[in-house]
Every structure is written in structure tokens, then in C-alpha cells.
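J.: The sequence and its predicted three-dimensional model are supplied below.
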Amino acid sequence: MSMTQPASTPSHPAVRSLQVSRISTPLTGTVAVPGDKSISHRSLMFSALAEGETRIVGLLEGEDVLRTADAMRALGARITREDDGRWHVHGCGLGALKEPADVLDMGNSGTAARLLSGLLASHGMTSVMTGDASLRRRPMKRVTDPLAATGAVFLAREGGRLPLAIQGNANPPPLDYRLPMASAQVKSAVLLAGLNAKGETRVEEPVPTRDHTENMLRHFGAKVSVEETPEGGRVIRLQGKPRLIARDITVPGDPSSAAFVLVAALLVAGSDVVITNVGLNPLRTGLFTTLREMGARLEITNERTEGGEPVGDLHVKASSLLAVDVPADRAASMIDEYPVLAVAAAYARGISRFRGVEELRVKESDRLASTVALLEKNGVRTKVDGNDLIIYGTQGAIPGGGVVETHMDHRLAMSASVLGLVAENPVEIDDTAFIDTSFPGYFPLLNSLGAGFTA
Ligand code: S3P
């Protein structure tokens, strides 16, 4: 393993490069992945708006979520953590967030920045939000455009990028908005602005996206209705000014984190792994459907409901995979899983096509470009055809030997590490530090199954 360690800054941890070599022994054992990132952010934000004390079990203690905790503290919530990992949030009550005394630094987290902008726009105060170099490159206009109708004023850099100053409106009107793209973050920003607006906020999404905001707001006592449209989309209606009452939350394991363990176990010959307590919200499980279409031996057992979300255990055995054609309307339910699915497709037999994956261009990195580079640098042919990604499978013979640039993208780093476990030549990853944003303990967890990472 080679290491370079420039000094870390609050928005840029010290670089941790890593070389990953192929392993010749199977991955075996049982693990539990950390809590769901989407649900964790929401649990801190919504409980900060509720009356009373919320206890959260299983919160993801990744960098992204810790930024949300800091932001909600700066906005007036009292948030503490017990030694056993339980979090307590004493909320401020709806409409009662206080003006932050300093800039809110959301680090690497698009979810934190976008959801929070809905809250900040609907409170009568001035705030400034920034983030790390990755987040400062990402578009915020997708939220500031609809939120401008609340009467809030936004001042952003060119292209609507962070840092962003927000002068909120304490008496916002309810919004009626049709999403131009499939984005749970934009949907959530509009709904959250609607909490402090009198009357009904209405959001129409062309394709259903993860509904954790809707589910959790209901859990806290808000009235949220959801209706399917004849075109396969959804209309969500929220009654403004609800009384939000603190309710305990149990966060399930993150299916988007389980994805890396799952694909590693599918590709490393002879593997047999169980991942317990994984969230199975149907709007998050597109990867499982896709892997099964590829021939994955994946069983879901012990299905149950916990904290209002379906959960279960994943039992996965190494499998020979075939190419797959992933339809565009499945993209929202597996949007964060494409980089690691690309590794599975590179290892599979045949030519895979991922349709309609344009949203990948605005993730922590331009994930369409960075996934292509990950594969090409390791000897796998790819093609971008409009908004589709095509991958030429190697039938178990990924050459490897490449140096992967992760561009501050946690999922790129983890996908590269999975590729390295099965490639013919060692794979260099320029920086694995950002894995801590969503999956603290990633390397030790995989090493407990026999991965042999030297990180
Ligand atoms: C998220 C929504 C998705 C996803 C992100 C988390 C959320 O982003 O990629 O990791 O928690 O709402 P978009 O809504 O921008 O697609």
C-alpha cells in the first residue's frame, strides 16, 4: 500500500491511496452494514423540527450525516449521542429554527445541502451554505428554482453553485411543482419548504423516487397523501403547518452500502455471505432485481418491518453473471448502485446496457465519466450512447492494472476496490478517504469476510 498524507482540512480529509490485489480465497461470513444514509439525514432534520425528544437507533455515523447533525445544532436543535450509539434530538418545533451564527458546511453531501435549502428557504432568516470541492461543483439550481416561489432569495455562484446565501421567508406560500428530473432530493426540498406554509403543497414526480421523506413525515404526524398518475408517476400532497411530534426511529442498514459487499461476494469465486438488516424499500431495490436478472444467487430472508421500513437479510453466493439491459424507468430505484453494477457487468459475459442514466452526471463526481474511466483504465471496453452506458463484459477476465481517480466520490472508491478484488493485475485507487462519508468501517468489514485489504 502506498500512502501520501497532505494535511487534512475541515472539507478535505487526508488522502488515503490504496493498492488492491486479486484474492484467491472466497468471502465468507455474516456482516451488518451501517445505517441508511437517506434515512439518517432525514431523521436528524425532521426530529429537529418536531416537538419533544426523538431517539434514533442505528444512525449512520458517516461524515455526510455528521454534517447534517452539526447543521441542525447550528439551527437550534439539541443533539447528543450516547456511548451505545443511540442519538437523541430535542427539536425546536416547526418554524422555530434559529439563524445560524456561521456558514453551514455540508461537506460532501448533496442530500444535506438540497434538503436543508428547503428548510432554510421557509424560515425568516439569512443563512449561507457551502461544501467541499465536490459539492461546490454540483448543481443547486434544481432546488433554488422551485424554492424561489416561496419568496426566498438565493444568491449563488455561477451556474447556481455553492456557496449559497439564502434569505428565507417566514410565511412562504405552498408550492405546486412538477419535477423535471427524477430526484428525491428536489422532491424533498419542496416538501420540506411546504411544512412551514399554510395550505397544501403538491409535488408531481414523473418517476417514483425514494419516499423516505413522505414516510418519515407521516411518522412524525404530518398529513401526506400519495397518488399514482396514469403515466406511472406520483403526486404527493402535504398539508402545511402540521404538528410534528417526536417519535423514535430505527434506521435500517443501507442497501446502497450493502451493494458493494453483495457484488464482491457475487464475483469472488466460492463466496457465501449474509448481510443482515438491510433496508428493502421497493424504491431502493432496483439493484437486487437487476442482479437477479443477471443470474445472481441472491436470497432475501427474514423479511420484516422495522421503524416503518421493510428490512431483511441478504444471502448471496458467488454466481456466474450474464449481461443485462437495465430499463431507464428503473434508474431512480438504483441510482447510487450503477458504479458497482458496472463492475459486475464488466465481469459478466456479454454486453450490458444501462439506459437513461443521465442523472449520474451530477453525483459526487460525474459518475458517468468516472465509471467509464474506472473500467477503461482497467482494460474493460465501454461506450456512452446518448444517456445510455454500454459495458463489454470480460467473462471473468478484467485485466486491471489501472490507476483509478475517484474525484472525491465514495462510491467510485468502493467500486474500484471491488474491481481490484477480481482483476488480473493490482488496481491503484488514488484516494479512499471519502468512503467515510457513507460507509465508515468499509475495509475492516470486508476484511472480516476475507478480503485482505491493506487499508
Ligand atoms: C438521495 C437521493 C438521490 C441519491 C442520493 C440520496 C436522497 O439523489 O443519489 O445519494 O437521500 O434523497 P437525487 O435525488 O439527486 O437523485
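T.: Happy to help now that I have it.

J.: how near is residue 217 to residue 149?
T.: Residue 217 is 20 Å from residue 149, where distance means CB to CB, to the nearest Å. (Glycine included, C-beta is placed from N, CA and C.)

J.: Which of those two has more residues huddled nearby?
T.: residue 217 (24 against 16; other CB atoms under 10 Å).

J.: could you say what helices and strands the host helix or strand of the more buried one packs with?
T.: Assigning secondary structure by DSSP states H and E places residue 217 in helix 212-219. Judged by 3 or more CB pairs under 8 Å, 6 or more residues apart in numbering; DSSP states H and E, helix 212-219 is in contact with helix 37-49, helix 184-195, strand 224-228.

J.: mean confidence for that helix?
T.: For helix 212-219, the mean pLDDT works out to 97.

J.: gap between the two ends of stretch 106-114?
T.: 10 Å (CA to CA, to the nearest Å).

J.: Mind jotting down where the strands sit in the stretch 1-150 of the chain?
T.: 18-20, 28-32, 53-57, 78-81, 87-90, 104-105, 126-130 (DSSP state E, counting those that start in this stretch).

J.: could you dump the ones you listed to JSON lines with distance to residue 318 and mean neighbour count?
T.: Formatted as JSON lines, the strands of the stretch 1-150 of the chain follow (distance: least, CB to CB, whole Å; neighbours: other CB atoms under 10 Å):
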{"stretch": "strand 18-20", "distance to residue 318": "18", "mean neighbour count": "22"}
{"stretch": "strand 28-32", "distance to residue 318": "10", "mean neighbour count": "15"}
{"stretch": "strand 53-57", "distance to residue 318": "33", "mean neighbour count": "19"}
{"stretch": "strand 78-81", "distance to residue 318": "38", "mean neighbour count": "14"}
{"stretch": "strand 87-90", "distance to residue 318": "37", "mean neighbour count": "21"}
{"stretch": "strand 104-105", "distance to residue 318": "42", "mean neighbour count": "23"}
{"stretch": "strand 126-130", "distance to residue 318": "44", "mean neighbour count": "19"}
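
J.: Quick one: closest of those strands to residue 43.
T.: strand 53-57 (5.0 Å; CB to CB).

J.: Okay, angle between that closest one and helix 212-219 too, please.
T.: Interaxial angle of strand 53-57 relative to helix 212-219 (axes from the mean of the first three to the mean of the last three CA atoms, to 10 degrees): 130 degrees.

J.: now strand 53-57, how far from the chain's geometric center?
T.: 21 Å (CA atoms, centre = their mean, to the nearest Å).

J.: same question, stretch 166-174
T.: With CA atoms, centre = their mean, you get 28 Å for stretch 166-174.

J.: same thing with stretch 328-342?
T.: 11 Å.

J.: how close does the residue nearest to residue 167 when sequence neighbours are not counted get to the ligand?
T.: Nearest non-adjacent residue to residue 167, counting by CB to CB, 6 or more residues apart in numbering: residue 153, 4.3 Å away. Going from residue 153 to the ligand by CB to the nearest ligand atom, to the nearest Å gives 23 Å.

J.: where does the stretch 101-250 of the chain come near the ligand, residue by residue?
T.: When proximity is defined as CB under 6 Å from any ligand atom, the stretch 101-250 of the chain approaches the ligand at 111, 183, 184, 185, 188, 210.

J.: from these, which is closest to residue 414?
T.: Nearest to residue 414 among these, with distances taken as CB to CB, is residue 111, at 17.5 Å.

J.: Can you give me the neighbour number for the closest one?
T.: Residue 111, neighbours per other CB under 10 Å, totals 22.

J.: who touches residue 32 in this structure?
T.: 253, 275, 276, 277 (CB atoms under 8 Å, 6 or more residues apart in numbering).

J.: State whether the last one and residue 253 are indeed in contact, as I suppose.
T.: Just to be clear, that refers to residue 277. Yes - applying CB atoms under 8 Å as the test, residue 277 and residue 253 come out as touching, 4.6 Å apart.

J.: Pull up the overlap in contacts between the two.
T.: With CB under 8 Å, 6+ apart, residue 277 and residue 253 have common neighbours 32, 311.

J.: So for those two, which residue has more residues nearby?
T.: residue 253 (25 against 20).

J.: Contacts only, for that one.
T.: Counting by CB under 8 Å, 6+ apart, residue 253 has contacts 32, 33, 34, 35, 36, 58, 275, 276, 277, 278, 279, 311.

J.: State the distance from the first one to the ligand.
T.: It stands for residue 32. 20 Å.

J.: So for that residue, what's the nearest residue that isn't a sequence neighbour?
T.: residue 276 (4.8 Å).

J.: cool, residue 446 as well?
T.: Leaving aside its chain neighbours, residue 446 sits nearest to residue 453 (6.2 Å; criterion: CB to CB, 6+ apart).

J.: Same check on residue 92?
T.: Per CB to CB, 6+ apart, closest to residue 92 is residue 76, 4.6 Å.

J.: So what's the residue count around the one you found?
T.: There are 16 residues near residue 76, going by other CB under 10 Å.

J.: I'd guessed it sits against residue 101; true?
T.: No - the criterion here is CB under 8 Å, and residue 76 misses it with residue 101 at 10.6 Å.

J.: Of the contacts of residue 253, which is the most crowded?
T.: Of these, with other CB under 10 Å as the count, residue 36 tops at 31 neighbours.

J.: and stretch 17-35, average pLDDT?
T.: 98.

J.: Give me the distance between the residue nearest to residue 167 and residue 98.
T.: 19 Å.

J.: Next, the buried residues of stretch 178-192.
T.: Going by neighbour count (16 or more other CB atoms under 10 Å), the buried part of stretch 178-192 is 179, 182, 183, 184, 185, 186, 187, 188, 189, 190, 191, 192.

J.: Mind checking the pLDDT average for it?
T.: For stretch 178-192, the per-residue pLDDT averages 98.

J.: can you give me the end-to-end distance of it?
T.: OK, stretch 178-192 end separation, CA to CA: 15 Å.

J.: Same question for stretch 376-393.
T.: For stretch 376-393, the end-to-end distance is 12 Å (CA to CA).

J.: And it, what's buried?
T.: Here stretch 376-393 shows 377, 378, 379, 380, 382, 387, 388, 389, 390, 391, 392, 393 as buried, counting by 16+ other CB under 10 Å.

J.: what's residue 92 in contact with, if anything?
T.: 48, 49, 75, 76, 77, 98.

J.: Would you list the buried entries among those residues?
T.: 48, 49, 75, 76, 77.

J.: hang on, residue 121 packs against residue 149?
T.: No - at 9.6 Å, residue 121 and residue 149 do not qualify as touching, with contact defined as CB under 8 Å.

J.: For residue 232, see how far away the residue nearest to residue 442 when sequence neighbours are not counted is.
T.: Computed as CB to CB, 6+ apart, the closest residue to residue 442 that is not its neighbour in sequence is residue 435, at 4.9 Å. Relative to residue 232, residue 435 is positioned 35 Å away (CB to CB).

J.: Looking at those two, which is more packed in?
T.: For residue 435 and residue 232, the more surrounded residue by other CB under 10 Å is residue 435, and the numbers stand at 28 against 10.
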